[in-house]
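Novice: Fold the following for me, if possible:
(one chain, ligands or ions: 2)
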Amino acid sequence: MSPAPALVQPIESPPPSSGSSALGLFLEPLIVITLLTAGVWFNRRLSQEGSRSGSPLLPGTPDSPTPEKKRDTSRYANNWISRAAYRFPFLLEVLYWALTYWIYQIARAISAVLFIDEGTVDTARKHGIQLLDFERTLGIQYEHSVQVWFIQRPLAMNALNRVYSFIHIPATIMFLAYFYHTQPFSRIYAPIRRTLALANLLAFVVFTLWPCMPPRLLPVSYRFVDSVHRNGQGSVWTTNKFCNQFAAMPSLHFGYSLIVGLSLFAWSPKDKHCYVAGGSSGLGLAVAKELASQGAHVSIVARDKGRLTAALGEIESCRASEDQVFQSFSHSLFTADESRAALEDVVAKHDGLSPDAIFLCAGKSVPKFFLEYTDEELYEGMDYGYWCQAWTARAATRMMVQQGRKGKIVFVSSLLGMMTIPGYASYAPAKHALRGLADMLRMELLLYNIDVHIFFPPTMYGSALDEEKKTRPWITTKLEESDDALTPEQATAALLKGIRRGQYHISGNFITDLFRASSREAAPRNNWLLDGVYDLIAYISIPFWLSGVDKQVRAHREQHLQYLADNGLLSRS
Ligand SMILES: NC(=O)C1=CN([C@@H]2O[C@H](COP(=O)(O)OP(=O)(O)OC[C@H]3O[C@@H](n4cnc5c(N)ncnc54)[C@H](OP(=O)(O)O)[C@@H]3O)[C@@H](O)[C@H]2O)C=CC1
Ligand SMILES: CCCCCCCCCCCCCCCC(=O)[C@@H](N)CO
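Specialist: Numbers count the residues shown, from 1 in each chain. Ligands and ions are numbered 1, 2, ... in the order given. So this is what the prediction gives:
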């Protein structure tokens, strides 16, 4: 391409300075060290916490309530490193961050000193120009006009440049210290810091293999102005000779901001009031415990009082702070009146305010053949699979709308809400209906800012499954073998991850992903690329699976008719 003539005259400004001021040179590392020290102090272990956990040294992370097999660490009791690490656990995080960030910076510096010669500069320039051309082809080459806009508004530009240079590292440290303090370690904090570390690694690989010149260093004919460095707003991190200028793409300024921003805005149950309907067993109980360990106030409702009491004890053992309120109420959720009464009990201690999130886990299936069910049993399928969740969803929506409060409603359908196999005549239609309701509500409740999610778990281990096995037809068991079962805890992890990511249809494993992506109807995708891949795999593989299933069902005819005869179900014919 041929560079256009310069539109903007260089503005009169102080001569380009070579970098940051002498004050900055001293102030910036000081700020970083101060923040790190503050983070370590802020996250120190208070003495009574130590005695509560009972372990001599280096106990598990704060959110692992079950004291697992721990090694005896008492012989390190007088080792000063152990003592410091115990008193100030955030020191380990400082080390982790120093390792990822500074190893990255050092690797970058080494590459700057050792490998950057004329050849690299040429390559980097070539790549930079290629990228600009590519943007132009796509019609998204706005960088220059954005820069012109800012050059005409020096105040805004200087402010943003300072943010760019000074906020990146201090803000990341503050974010890490804050999240370490407030979020469960292994499920939220650790994955985030791992993501940051991986972003560093990825950036390193990309700029080593494909060095790219940032626009500001391109030849003048490209009209970009190096606005960061010309006015002395660079920071010590960006203006020394060890700074590899060709490591600008991919940008960690962007990557870190994105990761930090997404983490801050992701839904977190901490301090929220979560109502788990069906929270006394299986999935509901696992969800309730996980929410409790993440700092939520948890209310559970189910029918059986004995199981409720036992469940409340288990939830109690996951407590993360003393202010959390845990409560349980016995109600059956089959009717509108009962569901409303349950909700009123649940909110009583919370000033009558609607819960922040409602997890609808109540449900049950009794697998049998269509001909085998009594009329009542077929009717009940809808009560257990549909109404049990639908009535609570309506009571909650009414309350939220009347109070003008936002909230989340999470339905629990099943893999059998997206596909089905013989044996689920009472259950699969209800779980499909639930999906119809949720799909509709996702749209309608946009009117009130209420988020709707629906979970489609595969088979889950637990007492419910053991109970189903008692009536489950042989052919159903046979066909269900190709489904990998999850523990309720694994299913909970998948569900909460989906919610954090803002997914609407949430699935639990590969097979549920295939059916989710291929039966999406008008529901939003979770990931435009991956869902397409799942859809394609499903398009090819499901027909093969299906023809195998149909064959198995036909082959079962003889045995089945015998079964019907043996059970007196063929008496009329
Ligand atoms: N297990 C599996 O393989 C799968 C299950 N699912 C679905 O996941 C959800 C949870 O299943 P799972 O954890 O295995 O089941 P569980 O039987 O272990 O738990 C069900 C919970 O719902 C409660 N409940 C049931 N009926 C009512 C009612 N009428 N009123 C109030 N509470 C009720 C139960 O307590 P109580 O009986 O005391 O009332 C219990 O707390 C269900 O909706 C199920 O259909 C989806 C896919 C697979
Ligand atoms: C390439 C495609 C391969 C497809 C394999 C699919 C196998 C599906 C079997 C159905 C499993 C049903 C799980 C839900 C169980 C359930 O909801 C009840 N147990 C709850 O009460």
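
Novice: And the helices in the stretch 51-200 of the chain?
Specialist: With DSSP state H, counting those that start in this stretch as the criterion, the stretch 51-200 of the chain has helices at 80-87, 90-97, 103-110, 118-138, 143-151, 154-162, 168-182, 190-209.

Novice: and the angle for the third one with helix 190-209?
Specialist: Helix 103-110 and helix 190-209 are oriented at 10 degrees to each other (axes from the mean of the first three to the mean of the last three Cα atoms, to 10 degrees).

Novice: Could you do the longest one as well?
Specialist: In this structure, helix 118-138 runs at an angle of 110 degrees to helix 190-209, with the same axes, to 10 degrees as the basis.

Novice: need the contact list for residue 526.
Specialist: By Cβ atoms under 8 Å, 6 or more residues apart in numbering, the contact list for residue 526 reads 498, 501, 503-505, 516. C-beta here means a position set from N, CA and C on the backbone, and glycine is covered the same way.

Novice: Got phi/psi on residue 330?
Specialist: Residue 330 adopts backbone torsions of phi -100, psi 120, taken as degrees, to the nearest 10.

Novice: how close does it sit to residue 345?
Specialist: 9 Å (Cβ to Cβ, to the nearest Å).

Novice: that older thread, turn the helices of the stretch 51-200 of the chain into TSV, columns for mean neighbour count, distance to ligand 1 and mean pLDDT.
Specialist: Shown next, in TSV, are the helices of the stretch 51-200 of the chain (neighbours: other Cβ atoms under 10 Å; distance: least, Cβ to the nearest ligand atom, whole Å; pLDDT from 0 to 100):
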stretch	mean neighbour count	distance to ligand 1	mean pLDDT
helix 80-87	14	39	86
helix 90-97	18	36	90
helix 103-110	16	44	80
helix 118-138	14	44	87
helix 143-151	14	50	87
helix 154-162	15	50	86
helix 168-182	18	29	91
helix 190-209	16	26	89
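
Novice: And those helices: which comes nearest residue 273?
Specialist: helix 168-182 (17.4 Å; Cβ to Cβ).

Novice: So which other helices or strands are in contact with the closest one?
Specialist: Judged by 3 or more Cβ pairs under 8 Å, 6 or more residues apart in numbering; DSSP states H and E, helix 168-182 is in contact with helix 22-42, helix 90-97, helix 190-209, helix 252-265.

Novice: In the stretch 151-300 of the chain, where is pLDDT below threshold?
Specialist: Scanning the stretch 151-300 of the chain for pLDDT under 70 picks out 228-243.

Novice: In this structure residue 318 contacts residue 289, no?
Specialist: Yes. Residue 318 lies in contact with residue 289 (Cβ atoms under 8 Å); the separation is 4.6 Å.

Novice: So between these two, which is more surrounded?
Specialist: Per other Cβ atoms under 10 Å, whichever of residue 318 and residue 289 has more neighbours is residue 289, with 23 against 20.

Novice: tell me which parts of the chain are close to ligand 2?
Specialist: Applying Cβ under 6 Å from any ligand atom, we find that the chain lies next to ligand 2 at 365, 414-416, 421, 458-459, 464-465, 468, 479-480, 482-483, 511, 514, 541-542, 545.

Novice: Now, of these, which are buried?
Specialist: 365, 414-416, 421, 458-459, 464, 468, 479-480, 511, 514, 542 (16 or more other Cβ atoms under 10 Å).

Novice: quick revisit: closest one to ligand 2 out of the contacts of residue 526, please.
Specialist: residue 516 (12.2 Å; Cβ to the nearest ligand atom).

Novice: contacting residues for that closest one?
Specialist: Applying Cβ under 8 Å, 6+ apart to residue 516 gives the contacts 418, 456, 505, 507, 526, 531, 534.

Novice: rerun that using 6 Å as the cut-off
Specialist: 505, 507 (Cβ atoms under 6 Å, 6 or more residues apart in numbering).

Novice: What distance do you get for it to ligand 1?
Specialist: Taking Cβ to the nearest ligand atom, to the nearest Å as the measure, residue 516 falls 13 Å from ligand 1.

Novice: then the helix or strand where that residue lies to PDB, C-alphas only?
Specialist: Assessed by DSSP states H and E, residue 516 sits inside helix 510-518. Presented in PDB, the C-alpha positions along helix 510-518 are these (Å, rounded to 0.1, in the frame of the first residue of the first chain):
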ATOM      1  CA  PHE A 510     -18.900 -34.000  25.800                       C
ATOM      2  CA  ILE A 511     -22.100 -36.000  25.000                       C
ATOM      3  CA  THR A 512     -24.300 -33.300  26.500                       C
ATOM      4  CA  ASP A 513     -22.400 -30.700  24.500                       C
ATOM      5  CA  LEU A 514     -23.100 -32.600  21.300                       C
ATOM      6  CA  PHE A 515     -26.800 -32.700  21.900                       C
ATOM      7  CA  ARG A 516     -26.900 -29.100  23.200                       C
ATOM      8  CA  ALA A 517     -25.200 -27.800  20.100                       C
ATOM      9  CA  SER A 518     -27.300 -29.800  17.700                       C
END
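
Novice: Just give me the neighbour total for residue 351.
Specialist: A count of neighbours around residue 351, defined by other Cβ under 10 Å, yields 6.

Novice: ok but it is inside a strand, no?
Specialist: No. According to DSSP: H, G, I helix; E, B strand; the rest coil, residue 351 belongs to no strand; its state is coil.

Novice: And the pLDDT at it?
Specialist: Residue 351 is assigned 97 on the pLDDT scale.

Novice: Tell me how far it lies from residue 429.
Specialist: Using Cβ to Cβ, residue 351 is found at 39 Å from residue 429.

Novice: so what's residue 345 up against?
Specialist: By Cβ under 6 Å, 6+ apart, the contact set of residue 345 is residue 329.

Novice: try 8 Å
Specialist: Contacts of residue 345 by Cβ under 8 Å, 6+ apart are 301, 329, 331.

Novice: And residue 427, by the same measure?
Specialist: So residue 427 contacts 365-367, 381, 384-385, 414, 416 (Cβ under 8 Å, 6+ apart).

Novice: Outline the domain layout of the protein.
Specialist: Domain assignment for the chain by automatic domain parsing gives 22-62+77-265, 273-527.

Novice: Please identify the most buried of the ones you listed.
Specialist: Mean neighbour count, computed with mean count of other Cβ atoms under 10 Å, is highest for domain 273-527 among the domains of the chain, reaching a mean of 20.

Novice: close to ligand 1, is stretch 398-412?
Specialist: Yes. Stretch 398-412 comes into contact with ligand 1 (Cβ under 6 Å from any ligand atom), by way of residue 412.

Novice: okay, stretch 354-362 in CSV with CA atoms only?
Specialist: The C-alpha coordinates for stretch 354-362 follow below in CSV (Å, rounded to 0.1, in the frame of the first residue of the first chain):
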residue,chain,number,x,y,z
SER,A,354,-36.2,-12.1,46.7
PRO,A,355,-33.2,-14.4,46.5
ASP,A,356,-30.4,-13.3,44.2
ALA,A,357,-30.3,-16.7,42.6
ILE,A,358,-32.6,-19.7,42.5
PHE,A,359,-31.4,-23.1,41.7
LEU,A,360,-34.3,-25.4,40.8
CYS,A,361,-32.9,-28.9,41.4
ALA,A,362,-36.0,-30.7,42.6
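
Novice: how distant is stretch 26-34 from the center of its chain?
Specialist: Its chain's C-alpha centre and that of stretch 26-34 lie 33 Å apart, by Cα atoms, centre = their mean, to the nearest Å.

Novice: what pLDDT, on average, does that stretch get?
Specialist: Average pLDDT, stretch 26-34: 84.
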